[in-house]
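Asker: what's the 3D shape of this:
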Amino acid sequence: MQNKVQLITYVDRLGGGGVADLRRLLRGPLQGVFGGVHLLPFFYPIDGADAGFDPIDHTQVDPRLGDWADIQALSQDVAVMADVIVNHVSADSPQFQDYSEKGEASRFAGLFLSLDSVFPQGASEAQLLKVYRPRPGLPLRYTTLKNGQKKILWTTFTPQQLDIDVQHPEGQAYLEGILQRFADAGIRMIRLDAAGYAIKKAGESCFMMPETFAFIAEFAAKAQALGIEVLVEIHAYYKRQIEIAAQVDWVYDFALPPLALHAFFFQTAEPLKQWIAQRPRNALNVLDTHDGIGIIDIGADSADRAGSPGLVPPAELDALVERIHANSQGESRKATGAAASNLDLYQVNCSFFDAMGRDERAYLLARALQFFLPGVPQVYYVGLLAGHNDMDLLARSSVGRDINRHHYSQDEIVRDLQRPVVQKLLQLIRLRNEHPAFGGEFRLHESAAHELNMSWQLGSHLARLSIDFQTLAHEVSFSAEPGQADLKLQY
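Answerer: Down below sits the predicted model:
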């Protein structure tokens with residue numbers, strides 16, 4: 001992965017077209033802005049129960065977006081990342097349809113996890129309650145197969161997303177087939193989606209167990225053998241990110257978004273500086289993604305609250321969530337928790353710009369913070385355009401995360417690219433991509449509790465960021481070539 005800002009986007013929600021249209025956008029108004037692009041699920045179909053994260057065919061590009069030749073053409077311009085959804089497959093997949101018709105005689109009988117396959121001796125109430133849940137209810141779906149057989153199937157997320165046995169030969173073959181298809185199309189980076197839930201074990205949490213770490217390491221090795229780098233997506237206690245970072249190429253810094261908000265809301269940089277001192281360097285630095293703003297990532301360990309405190313005290317975490325709701329005029333509350341379906345208990349659904357109360361100066365300083373931290377920055381398409389919450393889409397879908405998944409038309413893109421806040425963000429992205437200092441040494445300087453002071457230096461090249469979270473006074477400066485004045489940005 002290049003040490004340049006990356007884009008994360010749905011193919012059809014940034015301009016309303018297909019892969020070829022997105023390529024034209026990256027060759028046109030966004031020429032040279034991004035070193036790579038993470039294409040959110042473009043598999044068949046893109047409009048299932050979970051916006052493409054429930055593929056019927058993980059190895060087919062949805063024809064409405066193009067084909068593998070289009071993906072390969074895009075990969076000639078920018079590095080392309082794609083998702084490998086390791087935990088589940090759609091109930092409409094040909095594999096499950098074959099199993100539903102033939103039962104145990106199906107080749108794919110061992111592909112799908114049932115209550116019996118995880119708990120062959122039966123499951124007690126205590127065992128079921130021990131299973132870690134990102135959403136309310138049990139991870140189970142009662143169903144009658146087409147052959148009349150009744151089954152209780154494992155469904156971590158939605159009833160339409162059937163969990164697969166990644167340790168079964170058919171599960172391994174399924175995932176390896178996806179890897180090979182990606183490699184053939186020129187994809188050189190993958191994100192393991194929902195990898196933390198991939199292994200189930202009776203009597204355990206079924207989340208981020210030692211066996212899960214072993215699976216991730218084994219699967220990452222298979223990808224790397226094909227020349228593919230691996231990013232692991234885990235929302236969990238912050239120390240889990242540090243542990244998993246040692247085993248893979250890249251992890252998300254999911255602690256950064258809530259910590260950045262905390263710094264601005266509470267006018268202190270202390271929790272943020274505590275995190276900077278220990279965070280993994282092989283991180284994708286994000287403020288927003290297609291999911292919500294993670295809260296669990298800076299809270300106490302849910303499995304050991306007494307002995308494993310979070311980066312932020314519980315009372316401040318609650319206040320942070322309430323501040324987001326207030327800044328968004330209550331819109332995020334309508335999209336979060338029990339207020340919306342397809343919910344995640346540990347995330348607040350809101351565009352990052354609205355979470356910051358549409359304060360352009362604070363928003364740009366948060367982006368500068370994101371870009372100055374060690375790692376590779378990734379910008380979500382809505383955040384790129386300083387987008388607002390899409391309440392119309394939320395009303396139509398009743399899916400909480402849709403509040404931050406706006407469908408931009410070409411006209412909207414042209415209009416928003418001219419907004420001053422977006423122009424300043426594009427300038428900052430280009431400086432992060434091009435300034436030599438970011439290839440040098442990072443330093444976190446001593447500062448008062450309400451201040452943050454960081455720098456990068458390579459020889460005579462220097463980039464510096466300082467923020468006073470009480471007053472929003474700041475320095476965002478970049479050294480120039482000899483004989484030229486240094487560049488200082490003011491927001």
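Asker: poorly predicted segments of the stretch 201-350 of the chain, please.
Answerer: For the stretch 201-350 of the chain, applying pLDDT under 70 flags the ranges 303-306, 338-345.
Asker: how about the strands in it?
Answerer: Ranges of strands within the stretch 201-350 of the chain are 229-232, 250-253, 283-285, 293-294, 347-348, based on DSSP state E, counting those that start in this stretch.
Asker: how many other residues sit next to the closest residue to Phe442 other than its chain neighbours?
Answerer: Closest residue to Phe442 apart from its sequence neighbours, by C-beta to C-beta, 6 or more residues apart in numbering: Pro374 at 5.0 Å. Heads up, the C-betas are built off the backbone N, CA and C, glycines and all. For Pro374, the count of nearby residues is 18 (other C-beta atoms under 10 Å).
Asker: if I look at Pro374, how far off is Leu113?
Answerer: Distance of Pro374 to Leu113, given as C-beta to C-beta, to the nearest Å: 38 Å.
Asker: same deal with Asp62?
Answerer: Taking C-beta to C-beta, one finds Asp62 at 26 Å from Leu113.
Asker: what do you get for Gln457?
Answerer: Distance, Gln457 to Leu113, using C-beta to C-beta: 51 Å.
Asker: between these two, tell me which one has more neighbours.
Answerer: Using other C-beta under 10 Å as the criterion, Gln457 and Leu113 rank with Leu113 on top: 24 against 17.
Asker: so who does that one touch?
Answerer: Neighbour list for Leu113: Leu153, Trp154, Leu162, Asp163, Ile164, Asp165, Lys200 [criterion: C-beta atoms under 8 Å, 6 or more residues apart in numbering].
Asker: ditto for Val86
Answerer: Listed by C-beta under 8 Å, 6+ apart, the contact set of Val86 reads Val166, Leu175, Leu192, Asp193, Ala194, Ala195, Ala198, Phe219.
Asker: the same query, at a cut-off of 6 Å, please.
Answerer: Val86 makes contact with Leu192, Ala195, Ala198 under the criterion C-beta atoms under 6 Å, 6 or more residues apart in numbering.
Asker: quick one: distance of stretch 165-172 to the chain centre.
Answerer: In terms of C-alpha atoms, centre = their mean, to the nearest Å, the centre of stretch 165-172 is set 25 Å apart from its chain centre.
Asker: mean confidence score for it?
Answerer: The average pLDDT for stretch 165-172 rounds to 96.
Asker: one more: stretch 63-72?
Answerer: pLDDT averaged over stretch 63-72 gives 96.
Asker: repeat that for stretch 120-140.
Answerer: pLDDT averaged over stretch 120-140 gives 90.
Asker: buried set for it?
Answerer: Buried residues in stretch 120-140, counted by 16 or more other C-beta atoms under 10 Å: Ala123, Val131, Tyr132, Arg133, Pro134, Pro139, Leu140.
Asker: start to end distance for that stretch?
Answerer: 15 Å (C-alpha to C-alpha, to the nearest Å).
Asker: nearest to Gln72, of the strands of the stretch 201-350 of the chain?
Answerer: For the strands of the stretch 201-350 of the chain, proximity to Gln72 was assessed by C-beta to C-beta; strand 229-232 is nearest, at 17.6 Å.
Asker: wait, a strand at Tyr455?
Answerer: No Tyr there; residue 455 is Ser. Yes: counting by DSSP: H, G, I helix; E, B strand; the rest coil, Ser455 is located in a strand.
Asker: go ahead and confirm it touches Arg464.
Answerer: Yes: Ser455 lies in contact with Arg464 (C-beta atoms under 6 Å); the separation is 4.6 Å.
Asker: what's the neighbour count on Ala214?
Answerer: Neighbour count of Ala214, defined by other C-beta under 10 Å: 12.
Asker: residues in contact with it?
Answerer: Listed by C-beta under 6 Å, 6+ apart, the contact set of Ala214 is empty.
Asker: gap between it and Leu458?
Answerer: Ala214 sits 38 Å away from Leu458, going by C-beta to C-beta.
Asker: okay, the residue nearest to the spatial centre of the chain and Leu393: tell me how far apart.
Answerer: Nearest residue to the geometric centre of the chain (C-alpha atoms, centre = their mean): Thr289, 5.0 Å. Per C-beta to C-beta, Thr289 is found 17 Å from Leu393.
Asker: got it, and Thr9?
Answerer: Taking C-beta to C-beta, one finds Thr9 at 16 Å from Leu393.
Asker: and for Lys102?
Answerer: Taking C-beta to C-beta, one finds Lys102 at 40 Å from Leu393.
Asker: how many neighbours does Leu489 have?
Answerer: 17.
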